[in-house]
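Asks: sequence first, then the predicted structure:
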Protein chains: 2
Amino acid sequence: MNQIEAPRPRFAQIADILRDRIRRGVHAPGSPLPSEPELSREFDVSRVTINRAVGVLRSEGLVQVRRGRGAFVRSVPVITRVATRRHGARDAGRGAYDVELRRLGLDPSWTASVERVPASEQTAELLNVEVGCELVVRRRRYFANELPVQIADTYLSSELAEKAGVTEENTGPGGTYSRLADVGRGPVHFTEDVTCRGATSGEARFLEIEPNQPVFEILFVASDKENRPVAVTRHVMPGHQWRLRYDWTDEPEGQTE
Amino acid sequence: MNQIEAPRPRFAQIADILRDRIRRGVHAPGSPLPSEPELSREFDVSRVTINRAVGVLRSEGLVQVRRGRGAFVRSVPVITRVATRRHGARDAGRGAYDVELRRLGLDPSWTASVERVPASEQTAELLNVEVGCELVVRRRRYFANELPVQIADTYLSSELAEKAGVTEENTGPGGTYSRLADVGRGPVHFTEDVTCRGATSGEARFLEIEPNQPVFEILFVASDKENRPVAVTRHVMPGHQWRLRYDWTDEPEGQTE
């Protein structure tokens, strides 16, 4: 595409310069940006222009504005989530999230709660149960160095959750999937459907991002060796915070569908 | 999370109602929404409120505003891209994109052009070549029923592109990967890194979406049987238009990392 671009507006040029400074570490992770009056003097533009430039970095997730304290460089780098290796990581006795975070030198933490809810149309279809039948939902909220980075809600049929003993917050070593394996329903086949959309206001509030900022939504379905779905997880993650990696090998001889 | 929600503003409530009508087919794909004056009378609110409500649907990709003609329901449904089966689809003699689109009854088309460019830092690293060395880039632009839905640029080293004979727009049956296979460098191992972010203004212009509307960026690396990278493709796709599907089987015994 060799179209002529319009001249970049001043706020966009200033955003480019500040972004470059953040990337080069001139403004280090966790540190404050210079104040609006300082930036307005440096670039010889109005504070309104500076405010728009900072707004660009905010919507990209590079900068977080703390009320009354100004703009700060976000302190958590992009986290790579290698979907196809998460199961193995868990079996090695540590949670996949734990492995992802410690690889980057980040401190992982999470909260968990359990509820019973009726199956929505979507969840019912994915779990192959009746709409409205009782499900156990395990709600987890993940943090990296205390910054909220992920919402993950796992749904199982109440019947299976009770049989596997995963109706309490603590599910023991290896977590939910190990308990499912204990009762012969361990997940073996996995499907992820990934969408990307603007955050809802509730998600934005928890994740401390702007409403409508891009988020990943992952619908993760785990099925047992007979291909019966056992658990569905809905992940919501800020787009700027995560990179999703998938890898596979595909011999052309064997796999034409 | 049992937080009390603030009452939803009127524009958001109206967006909810219009979204529901679109989902139920009251406003069919491709058809115009009622005009702003009509909606403003129906809901007894100002045109400014209607305009904000339509803005929400626009940013979700449900509605497209055509200058001077008003708002229309988008006519192309969400397309599912099953990454792990795209290779097989191609080998069966039809392009993966062709298969994805015809499954939904949509009409696929694309344009292609070829250029030579120096390797950027990122591409050089992924292709395992020197920064600045000459690459062949095959630029494709994909359409569904004439709506632009994907940008895909594939980079190969000039040396390999010449050896495989993929320096012209037409690469013959099976495309680039079949030509690579012909010279013993057929791709077998695949990695996709998926990010989600706001569209740049250039991307937004081509894809006919709003700047900053969420897009997927996929960096797809194809490697041969000796794990040497042969081609890197950067895909940019509107978030509302695509669902990325990945599936895999993972026996816990074999795959602890």
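Replies: Yep, that arrived.
Asks: the host helix or strand of A:Ile218 packs against which elements?
Replies: Assigned by DSSP states H and E, A:Ile218 belongs to strand A:214-223. Other helices and strands packing on strand A:214-223, by 3 or more CB pairs under 8 Å, 6 or more residues apart in numbering or on different chains; DSSP states H and E, are strand A:189-198, strand A:229-238, strand A:242-249, strand B:189-198, strand B:214-223. C-beta here means a position set from N, CA and C on the backbone, and glycine is covered the same way.
Asks: nearest to B:Leu180, out of those?
Replies: Checking those against B:Leu180 by CB to CB gives strand B:214-223 as the closest, at 8.2 Å.
Asks: from the chain's centroid, how far away is that closest one?
Replies: Mean C-alpha position of strand B:214-223 versus that of the full chain (CA atoms, centre = their mean, to the nearest Å) differs by 9 Å.
Asks: and for stretch A:135-144?
Replies: 12 Å.
Asks: also stretch A:80-89?
Replies: Centroid displacement of stretch A:80-89 relative to its chain, using CA atoms, centre = their mean, is 14 Å.
Asks: kindly export it (C-alpha atoms) in PDB.
Replies: Taking Å, rounded to 0.1, in the frame of the first residue of the first chain, the C-alpha atoms of stretch A:80-89 are listed here in PDB:
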ATOM      1  CA  THR A  80       3.500 -15.300  26.900                       C
ATOM      2  CA  ARG A  81       0.900 -18.000  27.400                       C
ATOM      3  CA  VAL A  82       2.000 -21.200  25.600                       C
ATOM      4  CA  ALA A  83      -1.400 -22.900  25.300                       C
ATOM      5  CA  THR A  84      -0.200 -26.300  24.200                       C
ATOM      6  CA  ARG A  85       2.300 -26.600  27.100                       C
ATOM      7  CA  ARG A  86       0.100 -25.500  29.900                       C
ATOM      8  CA  HIS A  87      -1.200 -29.000  30.600                       C
ATOM      9  CA  GLY A  88       2.300 -30.400  31.000                       C
ATOM     10  CA  ALA A  89       3.400 -27.600  33.200                       C
END
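Asks: just to check, A:Glu208 is in contact with A:Gln64?
Replies: Yes. Assessed by CB atoms under 8 Å, A:Glu208 is found in contact with A:Gln64 at 6.8 Å.
Asks: the bottom helix or strand of chain A by mean pLDDT?
Replies: One helix or strand of chain A scores below all others by mean pLDDT, DSSP states H and E: helix A:86-91, with a mean of 63.
Asks: what residues of stretch A:7-14 count as buried?
Replies: Within stretch A:7-14, the residues scored as buried using 16 or more other CB atoms under 10 Å in any protein chain shown are A:Arg10, A:Phe11, A:Ile14.
Asks: next one: stretch A:220-236
Replies: Across stretch A:220-236, burial judged by 16+ other CB under 10 Å covers A:220-224, A:229-236.
Asks: which residues of the stretch 151-257 of chain A score low on pLDDT?
Replies: Applying pLDDT under 70 to the stretch 151-257 of chain A flags residues A:251-257.
Asks: residues in it within reach of chain B, list them.
Replies: Residues of the stretch 151-257 of chain A lying close to chain B by CB under 8 Å from any CB of the partner chain are A:181, A:186, A:188-198, A:202, A:205-206, A:212, A:214-216, A:239-240, A:242-252, A:255-257.
Asks: switch to 7 Å and redo it
Replies: A:186, A:188-198, A:206, A:212, A:214, A:216, A:239-240, A:243-252, A:255-257 (CB under 7 Å from any CB of the partner chain).
Asks: could you flag which of the residues you listed are buried?
Replies: Buried by 16+ other CB under 10 Å: A:186, A:188-198, A:206, A:212, A:214, A:216, A:239-240, A:243-248, A:250, A:252, out of these.
Asks: the buried residues of stretch A:7-14 in helices, which ones?
Replies: The helices, defined by DSSP state H, take in A:Arg10, A:Phe11, A:Ile14 from these.
Asks: closest to chain B among these?
Replies: Using CB to the nearest CB, A:Phe11 comes nearest to chain B of those, at 13.1 Å.
Asks: contacts only, for that closest one.
Replies: A:Phe11 makes contact with A:Thr49, A:Arg52, A:Ala53, A:Val56, according to CB atoms under 7 Å, 6 or more residues apart in numbering or on different chains.
Asks: tell me if I am right that the second one is in a helix.
Replies: It refers to A:Arg52. Yes. Using DSSP: H, G, I helix; E, B strand; the rest coil, the assignment for A:Arg52 is a helix.
Asks: per-residue confidence at the closest residue to it other than its chain neighbours?
Replies: Nearest residue to A:Arg52, sequence neighbours excluded (CB to CB, 6 or more residues apart in numbering or on different chains): A:Phe11, at 3.8 Å. You'll see A:Phe11 listed with a pLDDT of 91.
Asks: can you check A:Asn145 too?
Replies: For A:Asn145, pLDDT reads 87.
Asks: and if you look at the one 3 residues further on?
Replies: The pLDDT attached to A:Pro148 in the predicted structure is 94.
Asks: give me the element it is part of.
Replies: Under the criterion of DSSP H and E, A:Pro148 resides in strand A:147-157.
Asks: ok and the residue in the stretch 51-200 of chain A nearest chain B?
Replies: Counting by CB to the nearest CB, the stretch 51-200 of chain A gets nearest chain B through A:Cys196, at 3.6 Å.
Asks: so that residue makes contact with A:Gly239?
Replies: Yes. Using CB atoms under 7 Å, A:Cys196 makes contact with A:Gly239 at a distance of 6.3 Å.
Asks: what's the overlap in contacts for those two?
Replies: Residues touching both A:Cys196 and A:Gly239 (CB under 7 Å, 6+ apart) are A:Pro214, A:Phe216, B:Cys196, B:Pro214.
Asks: turn the residues you listed into JSON lines, including distance to A:Ala144.
Replies: Shown next, in JSON lines, are the shared contacts of A:Cys196 and A:Gly239 (distance: CB to CB, whole Å):
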{"residue": "A:Pro214", "distance to A:Ala144": "18"}
{"residue": "A:Phe216", "distance to A:Ala144": "15"}
{"residue": "B:Cys196", "distance to A:Ala144": "18"}
{"residue": "B:Pro214", "distance to A:Ala144": "22"}
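Asks: among these, which two are most distant?
Replies: Spatial extent of the shared contacts of A:Cys196 and A:Gly239 (CB to CB) is set by the pair A:Phe216 and B:Pro214 at 9.4 Å.
Asks: common neighbours of these two, please.
Replies: A:Cys196, A:Gly239, B:Cys196.
Asks: so can I have JSON lines of those showing distance to A:Val149?
Replies: Below are those laid out as JSON lines (distance: CB to CB, whole Å):
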{"residue": "A:Cys196", "distance to A:Val149": "16"}
{"residue": "A:Gly239", "distance to A:Val149": "11"}
{"residue": "B:Cys196", "distance to A:Val149": "14"}
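Asks: what's the closest of the residues you listed to A:Ser31?
Replies: A:Gly239 (23.2 Å).
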